[in-house]
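Undergrad: Everything below, folded, please.
(chains A and B)
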Amino acid sequence: MVAYILVAPFILIYGWMFIYPTIQMVQMSFTDAHLIGAGKWVGFKNYTRMFKDPTFYKAVVNTSYFVALTVVPGTIVALAIALMVRRLKGWVQSVVLAAFFLPYVLPISVVYLIWNWLTNTQFGMLQGLIIPIVGEPVNIWRTIPWFMPGVAVITIWWTNGFSILLFLAGLRNIPQEIYEAASLDGATRRQMLTRITLPLLWPITVLCLTIQLILQMKIFDQVYLFAVGGRTQSTMVMVQYIYEQAFQKNAGGYAATLAVALFVVVVVFSVLQFQILRIRGQR
Amino acid sequence: MRFTLKAAVLAAVMAATGAHAKETVVWWDFLGGGDGVRMKKLIEDFNSEHKDAIEIQATTLAWGTPFYSKVQTSAAVGEGPDMMTYHASRIPLAVSESTLSEISADDMKTMGLSGDSFASATWDAVHVDGKQYAVPFDTHPIVLYYNKDLLDKAGLIGADGLPAGLDGLDNFNAALKKLKDGGNQWAIAQVTADGGFAFRTIYSLLCQQGGTIGTDGAWMPGDSQDKLAKAVSVLADWVKNGYNPGKTDYPTTVALFTSGKAPFMINGVWEVPTMVDLAKQNKLFNWGAIELPVLFDKPCTYEDSHTFAIPNNAGKPATAEKHAAVLEVIKWMEAHALFWATAGHIPANKAVTDSADYKAMQPQATYAKLTANAVFDPKSIHAGVASPLFDAAGNAFTAAINGETDPVTAVADMKAELDALQ
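TA: Numbers count the residues shown, from 1 in each chain, chains lettered A, B, ... in the order given. The predicted structure is shown next:
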């Protein structure tokens, strides 16, 4: 009885703030609601429209492309940085760690301004690196093939601090005795990395990959800010399309349909990924 | 002891003001730039002039989609402000969602205003189906900014001290070529990274050819589609010929103009304060701003209007006293619009623009005459600033201006996107 009373506040708030809106969203996806108001029941019309909507497929492809560019590469970069940071000692380690973690603290609007300024076609410093390679200044945010990789690099720069922290915590959890025993047995550094560090870090790696996957599937802010006013249809990602339909095109019902689709995709992918990674970890 | 003293003071204050309760007017606007600073000044002046009667409590929100979705959703649950600034171009959507209250003829009489107080296009822009939903405060068109020193050097300044020989597409392009060949890095700075922003220029050039963008179901009436492609190709040619930098965003165009790297810039009148401030610090060349030259058949420039609107707060209609206070605010603002003109915007109230003080204001007085030739956005729930129409323009025009598609294809794509809106 006491247990029920103790969990009741959580259940109530969770039900009210999460479960109820989710049910509402599914309900709304069967209506022609605008941004405000309830709308009429239209059956599966929004769903048939979605499956015939080229921009929806474009958004799915772009989101997947972005996930491919960020989740695994970002985790590898974070692991590499964590391994390097671990070898530093004392305040040097703190300073270097802070340097890597600092971007994570910034709000996305600041991240956007910094990078938009750095990459400006007329005055941006990074054009100094681009011009020798390409031969002319490139507006990364208006040149379609450059766009997603550009956003991916910035996202990794921005969010990596958190993964690095997770990896460092994982590394500190590996008992020193194992390394000592291994070096007594004549293991090389390389062997220690591949036979001890990486396998023992696997649970953390799974965690990082799952968090990253869910986070990056919900990509919105960066893409929206860098693309706004330009060729948004070509760089559309899923959450951005939901936003556009609901708030710009006043089509709440269709936006809810897209949100249901995203919800299903995220659930399926995270369950799949977690299962696959768990099975591999059990080898 | 101190507590009782405080209570006594409080009681005295309440007794003094209680005779006629002070009305507060909750005000929302989206004016974040140089014009926002000026609006704050106007609000302060209003509050000090009406110390005992009315107080405006102002909040500035993010411009564009965030502002309009917030207004829509809050009015629907009765939590909107008492009044707000609104773009005339966004009124059709607001009316279709019952977000705005109608402004009655009696209201206008109370404020001492009428249809005759405004230019006809501006007056028309605040009406939907014959009903008035807002009071125009200003119009803010795009204009052609020029660097007088560089134009003088190229022989493009006429006897009256204004740029000369720019009318007609061939003449204008010849002038750009002359400036470019004369050693300028660029001839003109027009935003090319944001087709939604460039819409303002392209729409003006469409109107100059006599073309229009229609409304739902008939977006490109008559030969407007060809004329729109023609208008797009004007900008695409500037980029192709190296007159205008490609894929260039808004802040960059302003920087190129103010640093003297581009003798011309097409931009909104709201950049006037930037130039005035730089000139005051002696950091700017001789400059001016004029109505867009006539590149095609007739003068025509895109403009929108900042208006005052009263939300239709569902379930919470304003009291008569509150309504009177809101009308007093609007009346006062309309009467004091001369100060607003320093933000570059053209006051909508003709009594202000006809005044001697305004006529002495430069370059405002030079370009203000363009309101007679102005065109507003089409009256559609899908049109206006930060609308699906701007979005479609962003997709189509950004690609075409920068040579990634040809103008004819881009305009056809844009029409398809607009036709798909529902």
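
Undergrad: residues touching the residue nearest to B:Thr307 when sequence neighbours are not counted, list them.
TA: Closest residue to B:Thr307 apart from its sequence neighbours, by C-beta to C-beta, 6 or more residues apart in numbering or on different chains: B:Ala134 at 3.7 Å. C-beta: built from backbone N, CA, C; applies to glycine. Applying C-beta atoms under 8 Å, 6 or more residues apart in numbering or on different chains to B:Ala134 gives the contacts B:86, B:88, B:91, B:100, B:103, B:126, B:307-309.

Undergrad: Would you mind measuring from B:Ala134 to chain A?
TA: Between B:Ala134 and chain A the computed distance is 19 Å (C-beta to the nearest C-beta, to the nearest Å).

Undergrad: Pull the contacting residues for the residue minimising distance to the centre of chain A.
TA: For chain A, the residue nearest the mean C-alpha position is A:Gln216 (2.0 Å; C-alpha atoms, centre = their mean). A:Gln216 makes contact with A:66-67, A:70-71, A:155 under the criterion C-beta under 8 Å, 6+ apart.

Undergrad: Where do the helices of the stretch 51-200 of chain B begin and end?
TA: B:65-76, B:91-96, B:105-110, B:120-125, B:148-153, B:169-181, B:195-208 (DSSP state H, counting those that start in this stretch).

Undergrad: List only those of the contacts of B:Ala134 flagged as buried.
TA: B:86, B:88, B:91, B:100, B:103, B:126, B:307-309 (16 or more other C-beta atoms under 10 Å in any protein chain shown).

Undergrad: So what's the residue count around residue 180?
TA: In the absence of a named chain, this looks at chain A. 10 (other C-beta atoms under 10 Å in any protein chain shown).

Undergrad: Wait, chain B was what I had in mind.
TA: Neighbours of B:Lys180 under the rule other C-beta under 10 Å: 21.

Undergrad: what's the answer for A:Arg172, then?
TA: Neighbours of A:Arg172 under the rule other C-beta under 10 Å: 10.

Undergrad: The host helix or strand of it: what's the following helix or strand?
TA: In this structure, A:Arg172 sits in helix A:144-173 according to DSSP states H and E. Counting by DSSP H and E, the next helix or strand C-terminal to helix A:144-173 is helix A:176-184.

Undergrad: pLDDT of that next one, averaged?
TA: The average pLDDT within helix A:176-184 is 92.

Undergrad: what separates that helix from the chain centre, distance-wise?
TA: 36 Å (C-alpha atoms, centre = their mean, to the nearest Å).

Undergrad: contacts for it?
TA: Outside helix A:176-184, the residues touching it (C-beta under 8 Å, 6+ apart) are A:191-192, A:195-196, A:200.

Undergrad: Would you tell me which one of the helices of the stretch 51-200 of chain B is buried the most?
TA: Most buried of the helices of the stretch 51-200 of chain B by mean neighbour count (mean count of other C-beta atoms under 10 Å in any protein chain shown) is helix B:195-208; its value is a mean of 25.

Undergrad: and the following helix or strand past it with helix B:195-208, angle?
TA: Using DSSP H and E, the helix or strand that follows helix B:195-208 towards the C-terminus is helix B:224-240. Interaxial angle of helix B:224-240 relative to helix B:195-208 (axes from the mean of the first three to the mean of the last three C-alpha atoms, to 10 degrees): 120 degrees.

Undergrad: Of all the residues in the lengthiest helix in chain A, which ones are buried?
TA: Assignment by DSSP state H gives helix A:54-86 as the longest helix of chain A. Across helix A:54-86, burial judged by 16+ other C-beta under 10 Å covers A:55-56, A:58-60, A:62-63, A:66-67, A:69-71, A:74-75, A:77-79, A:81-83, A:85.

Undergrad: what's the answer for stretch A:91-102, then?
TA: For stretch A:91-102, burial by neighbour count (16+ other C-beta under 10 Å) applies to A:97, A:100.

Undergrad: what pLDDT, on average, does that stretch get?
TA: When pLDDT is averaged over stretch A:91-102, the result is 93.

Undergrad: which regions of chain A lie under the pLDDT threshold?
TA: Scanning chain A for pLDDT under 70 picks out A:280-283.

Undergrad: near chain B, which residues of it show up?
TA: Chain A comes close to chain B at residues A:34-37, A:116, A:120-123, A:139, A:141-143, A:228-234, A:244, A:247-251, as judged by C-beta under 8 Å from any C-beta of the partner chain.

Undergrad: Pull out the buried residues from these.
TA: A:34-36, A:116, A:120-122, A:139, A:141-143, A:228-234, A:244, A:247-251.

Undergrad: Which two among the contacts of B:Ala134 are spaced furthest apart?
TA: The most widely separated members of the contacts of B:Ala134, counting by C-beta to C-beta, are B:Ala88 and B:Ile103 (12.8 Å).

Undergrad: can you pull the contacts of B:Trp123?
TA: B:115, B:136.

Undergrad: now do B:Met265
TA: B:Met265 neighbours (C-beta under 8 Å, 6+ apart): B:144-146, B:188-190, B:253-254, B:256-257, B:271.

Undergrad: Make CSV out of these and add neighbour count and distance to chain A.
TA: Putting the contacts of B:Met265 into CSV (neighbours: other C-beta atoms under 10 Å in any protein chain shown; distance: C-beta to the nearest C-beta, whole Å) gives the following:
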residue, neighbour count, distance to chain A
B:Leu144, 22, 20
B:Tyr145, 28, 17
B:Tyr146, 25, 20
B:Ile188, 26, 14
B:Ala189, 27, 10
B:Gln190, 27, 14
B:Thr253, 28, 9
B:Val254, 19, 11
B:Leu256, 22, 6
B:Phe257, 27, 12
B:Glu271, 22, 17
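
Undergrad: The residue lying closest to B:Val385 once chain neighbours are set aside: neighbouring residues, count only.
TA: With C-beta to C-beta, 6+ apart as the criterion, B:Val385 has its nearest non-adjacent residue at 5.2 Å, and that residue is B:His87. Neighbourhood size, B:His87 [other C-beta under 10 Å]: 26.

Undergrad: Convert the lengthiest strand in chain B to CSV, retaining C-alpha atoms only.
TA: Across chain B, the longest stretch assigned as strand under DSSP state E is strand B:138-147. Below are the C-alpha coordinates for strand B:138-147, written out as CSV (Å, rounded to 0.1, in the frame of the first residue of the first chain):
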residue,chain,number,x,y,z
ASP,B,138,3.5,51.8,-40.9
THR,B,139,4.4,50.3,-44.2
HIS,B,140,7.9,48.9,-44.7
PRO,B,141,8.9,48.3,-48.3
ILE,B,142,12.2,47.3,-49.7
VAL,B,143,14.3,50.1,-51.2
LEU,B,144,17.5,50.6,-53.1
TYR,B,145,20.3,51.8,-50.9
TYR,B,146,23.2,53.5,-52.7
ASN,B,147,26.8,54.6,-52.0
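
Undergrad: now the angle from it to helix B:195-208?
TA: 90 degrees.

Undergrad: quick one: average confidence on strand B:138-147?
TA: 96.

Undergrad: Which neighbours in the sheet does that strand have, and how are they oriented?
TA: Looking at strand B:138-147 with DSSP bridges, its partner strands are strand B:264-268 (antiparallel), strand B:287-290 (antiparallel), strand B:301-304 (antiparallel), strand B:346-347 (antiparallel).
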